[in-house]
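**Q** I'd like to go over a predicted model; first the sequence, then the structure.
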Amino acid sequence: MEVPHVAEQIHKEIEDIGFTMTCDQETATLLRTLAASKSRGRLLELGTGAGYSTSWILAGMDEESSLITVEVDKKLHQIAKKYLSSDSRVEFVTGDGETFIRSADDHTFDFIFADTWPGKLSALDETLQLLNKGGFYIIDDLLHQEDWPEPHWAQIKALVSDLAAREDLTITKLNWSTGLIIATKT
């Protein structure tokens, strides 16, 4: 498995600053594969972080696809922009993810990766309204971690239950990597 060169650079920089809230390489490779399936797709990433997962998504996208990536932390977004802004397929939105979701009603997407609270633990219905039929909705960080406070674990369990009960989604739960759900809008 070949790691995108820019992903290696981003990973080194986030290690240097002590940022640990990025997706792991297993999830990143899956994102690349799923992005590759969306020819001429419109993709959305909620929670850019420093751009590690963004670099993998871009590595899977064809030249006609586009990605909007949203991050509230300006410092982290600057790192992502430093490495990825030369790619014309990506648009960076620095700001609150929930605000973006609630104002994006004129957008629809073929792929949504929600790697932050907005789009996963808040504004879920609004996020899923942005997903095209046949589009992928991907979330990670669903396996219990010892350092999670009990309220967070309860929110994750409720989220998984809510997604499983939806009639407009077909979902697959993966007890792999950090725990993922891949859903397709039906």
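**A** Sure, I can see it.

**Q** Give me the contacts around whatever helix or strand T29 lives in.
**A** Taking DSSP states H and E as the definition, one finds T29 inside helix 25-36. By C-beta atoms under 8 Å, 6 or more residues apart in numbering, the residues outside helix 25-36 that reach it are 1, 3, 7, 23, 41, 43, 52-53, 56-62, 65, 111, 113, 136, 138, 140, 176-178, 180, 182. Yep, even glycine has a C-beta here, placed from its N, CA and C like the rest.

**Q** Distance check, the residue nearest the centre of the chain against L34.
**A** Centroid-nearest residue in the chain: F113, 2.7 Å away (criterion: C-alpha atoms, centre = their mean). Noted for F113: a distance of 8 Å to L34, by C-beta to C-beta, to the nearest Å.

**Q** what is in contact with those two at once?
**A** I138.

**Q** about what we covered before: for the helix holding T29, list the C-alpha coordinates in CSV.
**A** What follows is helix 25-36, C-alpha atoms only, in CSV (Å, rounded to 0.1, in the frame of the first residue of the first chain):
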residue,chain,number,x,y,z
GLN,A,25,-3.9,4.8,8.3
GLU,A,26,-6.5,1.9,8.0
THR,A,27,-9.4,4.4,7.9
ALA,A,28,-7.4,6.7,5.5
THR,A,29,-6.9,3.9,3.0
LEU,A,30,-10.6,3.1,3.1
LEU,A,31,-11.4,6.7,2.5
ARG,A,32,-9.1,6.7,-0.6
THR,A,33,-10.9,3.7,-2.0
LEU,A,34,-14.4,5.0,-1.3
ALA,A,35,-13.4,8.4,-2.9
ALA,A,36,-12.1,6.6,-6.0
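
**Q** What's the first helix or strand after it?
**A** Assigned by DSSP H and E, the successor of helix 25-36 is strand 42-46.
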